[in-house]
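Novice: Sequence and computational prediction follow.
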Amino acid sequence: MGPAIPGPLQLSHSHIPGPGSSLGMDPGPRTGMGTGTGPGATQAPGINAEPAAGIGPETLSHGPGGGSCGAGSPQVWGREPHKRPPWGWDPQSPMEPCGEEEEEEEEEDNEEILERLMARLDRDLRQRELEEGFTVLRELGSGSYGSVLLTQPRDGGSPVVLKLLRKERTARRAFLWEYCVSQCVSAHAACLRALPIAFETSTHFAFGQELAPVGDLCELLRPGQGLPEAQVKLCAAQLAAALDFLHGRALVHGDVKLDNVLLFDRQCRRVKLADFGLTRLQGSPMGPIPSPLPYAPPELCSLRGSQTLELDPSLDVWAFAVLLFCLCTGCFPWAVATETDPGYEEFRAWQHRGDAGAVPAAWGEIGAAALGMLRRLLSLDPDRRSPAMEVHKYLELPWGVQGGGAESGAE
C-alpha cells in the first residue's frame with residue numbers, strides 16, 4: 001500500500017505535507033500542487049501586474065445543476081443589480097468567445113474577457129463590514145488565507161457561504177482573478193457556483209459561494225480504505241466533465257485534490273470541483289515548487305532554479321489520476337513524483353516496461369481496466385497523457401475496487 005490518508009478528514013483548503021499526515025484544515029498557507037504562499041502571493045500569469053481601477057461582476061447563468069444555496073439579490077453587495085452586458089460570450093457557456101476564432105485568438109480573447117470583468121469588479125467593489133450584512137452561523141474552515149463561513153443575510157433569504165481572504169495575504173488582483181474565474185465557470189454543473197455577492201471589509205476580501213452540505217471528499221475516506229466502486233466512478237465522471245469544461249476554455253485548475261472536491265450527498269451523486277484561486281490560463285509560466293504535493297506531476301517536480309514550464313491541462317490530468325487512485329485505495333501512490341521516492345520509482349519503472357505483469361505493490365488491488373486507464377492518465381510524457389474525459393471509456397468496465405470507506409445513510 002502507498003502512503004495512507006489519515007481520517008477523518010475535514011473541509012477544503014487543506015495542505016498535504018506528505019505521507020501519513022492529516023488532510024484536515026491547514027494552519028499554513030493555501031497551496032496548489034506544492035506549498036505556496038497563499039492566494040495573493042503571485043499575480044495571475046498573463047495579466048498586467050499594475051492594479052486595476054475598481055469592479056462589479058455580472059450575474060452569470062448558473063447553468064444546469066445550480067447550487068442549493070440562495071444568494072439574495074444578484075448584485076455586488078451594496079449596489080443595484082447590473083443588467084447583463086455584451087461580454088462577448090453566451091452566459092449559458094461562459095468563457096466561450098463569440099464568433100469562430102482560431103485557437104490562439106480564443107485564448108487571447110479569454111484573457112481579455114477576464115481583464116474586463118476584473119476591471120468592472122474592481123471599480124464597483126464596495127467596502128462594508130461583515131456584520132453590517134451578515135450574521136455568522138458557524139465557521140466551515142480556516143487557514144492562513146482566511147476563512148470560510150456559513151452566514152445568514154440580515155435582510156433574509158437562504159444561508160450564504162462566504163469565503164474571506166485576508167488582505168495581508170491576498171493581493172487585490174488575486175482576489176479579483178479568483179472571483180471572476182469562479183463566476184465564469186459557474187455555469188457548469190460540476191463546478192462550484194460563485195454567488196453574485198462580492199465586497200471587501202477593512203481586513204478581508206469576500207465573495208459568496210454555494211453551500212456543499214457534506215464537505216469534501218476527505219470526509220468519506222479512511223486510511224487505507226477506498227470508496228465503493230460505484231462512488232469512485234460517479235466522482236470520476238463528474239470531475240472529468242468539469243476539467244474538460246475548464247480545459248476547453250484554455251484554463252488549468254492547478255489545484256486538483258481531494259480537499260477541492262465538494263460533496264452534496266454522501267453517495268457522490270453530485271460532486272463539484274472548487275477553489276479556482278490557482279486557476280490560470282493555459283500557457284502561463286510556472287516555476288519550481290519548494291515542497292511538491294503527491295498530486296504534482298514529475299515534469300513540475302523536476303524543475304530547478306530559474307526553469308519554468310508552460311501550464312497545460314496535462315498537469316490537471318495527472319493530479320486527477322492521483323486523486324482517483326486515492327479514492328480507489330485510501331492511499332497516495334507516492335509522497336512526491338521524483339526518483340528519490342520509492343513508490344514513484346517503482347511506478348516509473350512499471351510504466352517504462354510497458355507490461356501489465358509486475359504491477360507495483362501499491363497498485364495490486366486495482367483491476368485491469370482501471371490500471372489501464374490510470375496508466376494512460378499518468379503517462380510520464382505529458383504530451384501523451386490522455387485527456388480527463390478518457391475515464392468515460394472505462395465507466396462500464398469493472399475496476400476491481402473493493403472499498404467501503406464511505407458512509408451511507410442521511411445526506
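Specialist: On my side now, so go ahead. Numbering: from 1, shown residues only.
Novice: what sits against the residue lying closest to Arg376 once chain neighbours are set aside?
Specialist: Leaving out its chain neighbours, the residue that sits closest to Arg376 by Cβ to Cβ, 6 or more residues apart in numbering is Ser386, at 4.1 Å. No exception for glycine: its C-beta is placed from N, CA and C like everyone else's. Each residue near Ser386 by Cβ atoms under 8 Å, 6 or more residues apart in numbering is listed here: Val317, Arg376, Leu377, Ser379.
Novice: which one of those has the most neighbours?
Specialist: Val317 (27 neighbours; other Cβ atoms under 10 Å).
Novice: Can you verify my assumption that it contacts Pro387?
Specialist: Yes: applying Cβ atoms under 8 Å, one finds Val317 in contact with Pro387, separated by 6.6 Å.
Novice: Take the contacts of Ser386 and keep only those in helices.
Specialist: If you go by DSSP state H, the contacts of Ser386 have Val317, Arg376, Leu377 in helices.
Novice: Skip the chain neighbours and tell me the closest residue to Leu262.
Specialist: Ala212 (3.5 Å).
Novice: wait, isn't the one you found in contact with Leu273?
Specialist: No: Ala212 is beyond contact range of Leu273, at 10.9 Å (criterion: Cβ under 8 Å).
Novice: so where's the stretch 101-250 of the chain shaky on pLDDT?
Specialist: 101-108 (pLDDT under 70).
Novice: Off-centre distance for stretch 162-181?
Specialist: 15 Å (Cα atoms, centre = their mean, to the nearest Å).
Novice: what about Thr135, neighbour count?
Specialist: Thr135, neighbours per other Cβ under 10 Å, totals 11.
Novice: Please name the residues that touch it.
Specialist: With Cβ under 8 Å, 6+ apart, Thr135 has these contacts: Thr151, Gln152, Arg154.
Novice: Looks to me like it is in a strand.
Specialist: Yes: under DSSP: H, G, I helix; E, B strand; the rest coil, Thr135 falls within a strand.
Novice: Beta-bridge partners for it, please?
Specialist: For Thr135, the beta-bridge partners under DSSP bridges are Gln152.
Novice: Drop anything exposed from the contacts of Thr135.
Specialist: Thr151 (16 or more other Cβ atoms under 10 Å).
Novice: Switch the contacts of Thr135 over to JSON lines; also include distance to Ala335.
Specialist: Output for the contacts of Thr135, formatted as JSON lines (distance: Cβ to Cβ, whole Å):
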{"residue": "Thr151", "distance to Ala335": "38"}
{"residue": "Gln152", "distance to Ala335": "42"}
{"residue": "Arg154", "distance to Ala335": "47"}
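Novice: could you pull out the helices for the protein?
Specialist: So, for the chain - with DSSP H - the helices run 103-124, 130-133, 172-184, 229-247, 298-301, 313-329, 342-353, 368-377.
Novice: pretty sure Phe332 is in contact with Leu323, am I right?
Specialist: No: in this structure Phe332 lies outside contact range of Leu323 using Cβ under 8 Å: 9.8 Å.
Novice: So which of those two has more stuff around it?
Specialist: Of the pair Phe332 and Leu323, Phe332 is the one with more neighbours under other Cβ under 10 Å, namely 26 against 22.
Novice: Look up how far Gly364 lies from that one.
Specialist: Distance of Phe332 to Gly364, given as Cβ to Cβ, to the nearest Å: 15 Å.
Novice: what's the span of stretch 320-339, first residue to last?
Specialist: Using Cα to Cα, to the nearest Å, one end of stretch 320-339 lies 21 Å from the other.
Novice: Tell me the gap between that stretch and the middle of its chain.
Specialist: 17 Å.
Novice: before we move on, what about stretch 384-397?
Specialist: On Cα atoms, centre = their mean, the centre of stretch 384-397 falls 19 Å from that of its chain.
Novice: buried stuff in it?
Specialist: Applying 16+ other Cβ under 10 Å to stretch 384-397 flags Arg385, Ser386, Pro387, Ala388, Glu390, Val391, Tyr394 as buried.
Novice: Present these as a markdown table; the columns should include distance to Gly208 and pLDDT.
Specialist: Shown next, in a markdown table, are the buried residues of stretch 384-397 (distance: Cβ to Cβ, whole Å; pLDDT from 0 to 100):
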| residue | distance to Gly208 | pLDDT |
| --- | --- | --- |
| Arg385 | 35 | 98 |
| Ser386 | 36 | 97 |
| Pro387 | 32 | 98 |
| Ala388 | 28 | 98 |
| Glu390 | 34 | 96 |
| Val391 | 31 | 97 |
| Tyr394 | 37 | 97 |
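Novice: Export these as a markdown table, with columns for distance to Arg353.
Specialist: As requested, the buried residues of stretch 384-397 are exported to a markdown table (distance: Cβ to Cβ, whole Å):
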| residue | distance to Arg353 |
| --- | --- |
| Arg385 | 18 |
| Ser386 | 19 |
| Pro387 | 24 |
| Ala388 | 25 |
| Glu390 | 21 |
| Val391 | 24 |
| Tyr394 | 22 |
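Novice: Alpha carbons of stretch 288-296, in PDB - could you do that?
Specialist: The C-alpha coordinates for stretch 288-296 follow below in PDB (Å, rounded to 0.1, in the frame of the first residue of the first chain):
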ATOM      1  CA  PRO A 288       9.800  25.200  -9.300                       C
ATOM      2  CA  ILE A 289       7.700  24.500  -6.300                       C
ATOM      3  CA  PRO A 290       9.700  24.100  -3.000                       C
ATOM      4  CA  SER A 291       7.700  21.200  -1.500                       C
ATOM      5  CA  PRO A 292       5.500  19.400  -4.100                       C
ATOM      6  CA  LEU A 293       2.400  17.500  -3.000                       C
ATOM      7  CA  PRO A 294       1.700  14.000  -4.200                       C
ATOM      8  CA  TYR A 295      -0.600  15.400  -6.900                       C
ATOM      9  CA  ALA A 296       2.300  17.300  -8.700                       C
END
